[in-house]
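**Q** Build me a model from this:
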Amino acid sequence: MFYAIPLENRPSWRNPPWATILLIVLNMVVFWGPQRAEERAQERAAQFYAASSLPALELPAFVDWLATTGSPHAERARRLLARQAVEPLLDGLQNEPRFLKLLHDGLVVTPAHPQHAQWQQDRAQYEQSLPPPFTRRWAQDYSADTESKPWTWVTAAFLHGSTGHLLGNMLFLFLFGFSVELALGRGTYLAFYLLGAVGAALLAGWAYAGKGSIGLGASGAVSALMGMYAVLYRLRRIRFFYQLFFYFNYVTAPALILLPAWIANELLQHLLGGQGIAYMAHLGGLLTGAALMAAAMHLRKTRPVELPAPTAPDPFELHSAAARKLAAEMKFDAACAEWRAAAQHRPDDADALRAWFNLARLQPAGDDFHRAAQRIFRLQRQDPATLELQHASYLTYLNQARPGARLSPGDMARLARRFTRVQQFEDAQRLCQALAKTAPDHAELADTLTVCANGLLQAGRHAQAQQWLPQLLRVAPNDMVTRTLLQQAPPAAAG
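**A** All right, here's what the predicted structure looks like:
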């Protein structure tokens, strides 16, 4: 896996890249408008489907049909059926037009079936609840028997499969788009962007023909911008941030060198059998963009635009952007490494630590999970949001960490005091007990116990506060909280 981000140029807001901004806004409007509305309607329809008679009548037949037709998804479908995982099976069924035709022709649940009338009623109600197709209508269809829809070569570039997919593409669209737009001019830039989407779709349609899936996303058109950028700056030495598998660094090199590197990466990823990512669309975009820019420069209509010298790149932002992109591609180990690097540059950034922790929890025995938790526990701020993050992370960590939580005495003391301040007394007292048991001579034990006992007193939990009196008599006999508890203690306890 290889990618590179240029660091030399930055947009000039005296001549804003309005076409790039327009493309970004349009992609976001499509995703959070009709695509999201369609998704919510499909979720409601799926809920009805799961509660109806349809799963028992249709899904076993669908799994048998996959096995009979030699589908590569047959074994996974069988395991899903055994777990009664209705939603992914329904999604697969809805994307198999050949099986749907058999279903609608009455060849799956036949008129002779004792539940045929109930099936007809539930199937009709389910299909009425489905929204009009939007994403599949405008996406590129790789099915073997699909009709030709050339307009989807463009429209598919404005659809996305998830929020991470959208944001990752929009980040790279902006990073490469503004330089290319200023060089080409807005009209030519938009035309080349759309032609790049077409070139990406044509190569993907050839490479994935008959696969039965759909193609969507701006990455093919964005790859065209990357190809344009490399040809535009050719032998000019550009400073890049790059990642090669788990290694990342900065390099200053001729821009054109990146074009064969990007092409090789897409070919390699395709040959390795990458799932869920149309690497051939990326390759088609790169080649189309490079050819378009070479033609434009040959006609002497285009020159690289000199932009103001950049400020020093922010490594935190670079690592954060890389982490989000890798997480969107489900490359979780590499994404964790990026969040770890980002946390090195801003150890008190709660949002980065939260993202690292939530990603690392997918591998609860991994070092990243323990390290991210420790970083959160050691945040210095005491605002409500930070305290809430620490408490929520503590509960998750305690329940999921494998083989067990790794809490140092200092962490236990700090968290106990902080949980007391937000009146999470049960968790605070458990931490105090663990601290007193594992580190009875710890320097912060006395302060921690007095804070906890005082918090209980202030909250009116006198009986619970009294339980700490024996410990306080040992570690803080002269503290005001200890004397208060002594005065309130029954005679037997005081003696």
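**Q** all strands for the stretch 101-250 of the chain, in order.
**A** Per DSSP state E, counting those that start in this stretch, the stretch 101-250 of the chain carries strands over the ranges 140-141, 214-215, 237-244, 247-254.
**Q** Give the pairing partners of the first one; include direction for each.
**A** Strands that pair with strand 140-141, judged by DSSP bridges, come out as strand 214-215 (antiparallel).
**Q** what sits against the closest residue to A224 other than its chain neighbours?
**A** In space, and not counting its chain neighbours, A224 is closest to G196: 2.3 Å by CB to CB, 6 or more residues apart in numbering. Glycine gets a C-beta too; all of them are placed from N, C-alpha and C. Remark: with contacts taken as CB atoms under 8 Å, 6 or more residues apart in numbering, G196 is in contact with G220, A221, S223, A224, L225, G227, M228, G285, T288, G289, L292.
**Q** what does L93 give?
**A** Counting by CB under 8 Å, 6+ apart, L93 makes contact with E58, L59, F62, F99, L100.
**Q** got a list of contacts for stretch 368-382?
**A** Residues outside stretch 368-382 that contact it (CB under 8 Å, 6+ apart): 336, 339-340, 343, 347-348, 350, 353-354, 356-357, 359-361, 363, 386, 389-390, 393-394, 397, 400-401, 405-408, 411, 414-415, 418, 421.
**Q** Report the mean confidence score over stretch 454-468.
**A** Stretch 454-468 shows a mean pLDDT of 92.
**Q** May I see the buried residues of that stretch?
**A** For stretch 454-468, the buried set under the neighbour-count rule, 16 or more other CB atoms under 10 Å, comprises N454, G455, L456, L457, R461, Q464, A465, Q466, W468.
**Q** The third one touches L472, doesn't it?
**A** No. Using CB atoms under 8 Å, L456 makes no contact with L472, being 11.8 Å away.
**Q** Domain-wise, how is the protein divided?
**A** 2-19+147-298, 34-136, 431-495 (automatic domain parsing).
**Q** got TSV for the ones you listed, with distance to L318 too?
**A** Putting the domains of the chain into TSV (distance: least, CB to CB, whole Å) gives the following:
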stretch	distance to L318
domain 2-19+147-298	5
domain 34-136	29
domain 431-495	37
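**Q** For K331, find the nearest of those domains.
**A** K331 lies closest, by CB to CB, to one member of these: domain 2-19+147-298, at 9.9 Å.
**Q** Mean neighbour count, the domains of the chain: which tops it?
**A** Comparing the domains of the chain by mean neighbour count (mean count of other CB atoms under 10 Å), domain 2-19+147-298 comes out on top with a mean of 19.
**Q** Check the domains of the chain for me: which has the lowest mean pLDDT.
**A** With a mean of 82, domain 2-19+147-298 has the lowest mean pLDDT of those.
**Q** pretty sure A446 contacts A476?
**A** Yes. If you go by CB under 8 Å, A446 and A476 touch, sitting 4.2 Å apart.
**Q** Which secondary structure state is assigned to the spatially closest residue to E338 that is not a sequence neighbour?
**A** Among residues not flanking E338 along the chain, A323 sits closest, at 3.5 Å (CB to CB, 6+ apart). Following DSSP: H, G, I helix; E, B strand; the rest coil, we place A323 in the helix state.
**Q** Hmm, A323 is touching D333, no?
**A** No. Applying CB under 8 Å as the test, A323 and D333 come out as separate, 11.3 Å apart.
**Q** neighbour count winner among those two?
**A** A323 (25 against 14; other CB atoms under 10 Å).
**Q** Contacts only, for the more buried one.
**A** Neighbour list for A323: A335, C336, E338, W339, A342, A355, W356, L359 [criterion: CB under 8 Å, 6+ apart].
**Q** And the fourth one, how far from C432?
**A** This points to W339. W339 sits at a distance of 32 Å from C432 (criterion: CB to CB, to the nearest Å).
**Q** List every C-alpha atom in the helix or strand where W65 lies, with coordinates, as CSV.
**A** Per DSSP states H and E: W65 is located in helix 54-68. This file holds the C-alpha atoms of helix 54-68, laid out as CSV (Å, rounded to 0.1, in the frame of the first residue of the first chain):
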residue,chain,number,x,y,z
LEU,A,54,-40.1,-14.0,4.6
PRO,A,55,-36.8,-14.9,6.2
ALA,A,56,-37.9,-18.5,7.0
LEU,A,57,-39.4,-18.9,3.5
GLU,A,58,-36.8,-17.2,1.3
LEU,A,59,-33.4,-17.2,2.9
PRO,A,60,-32.8,-21.0,3.1
ALA,A,61,-33.7,-21.2,-0.6
PHE,A,62,-31.4,-18.4,-1.4
VAL,A,63,-28.5,-20.1,0.4
ASP,A,64,-29.2,-23.3,-1.5
TRP,A,65,-29.4,-21.4,-4.8
LEU,A,66,-26.0,-19.8,-4.1
ALA,A,67,-24.5,-23.3,-3.5
THR,A,68,-26.1,-24.7,-6.6
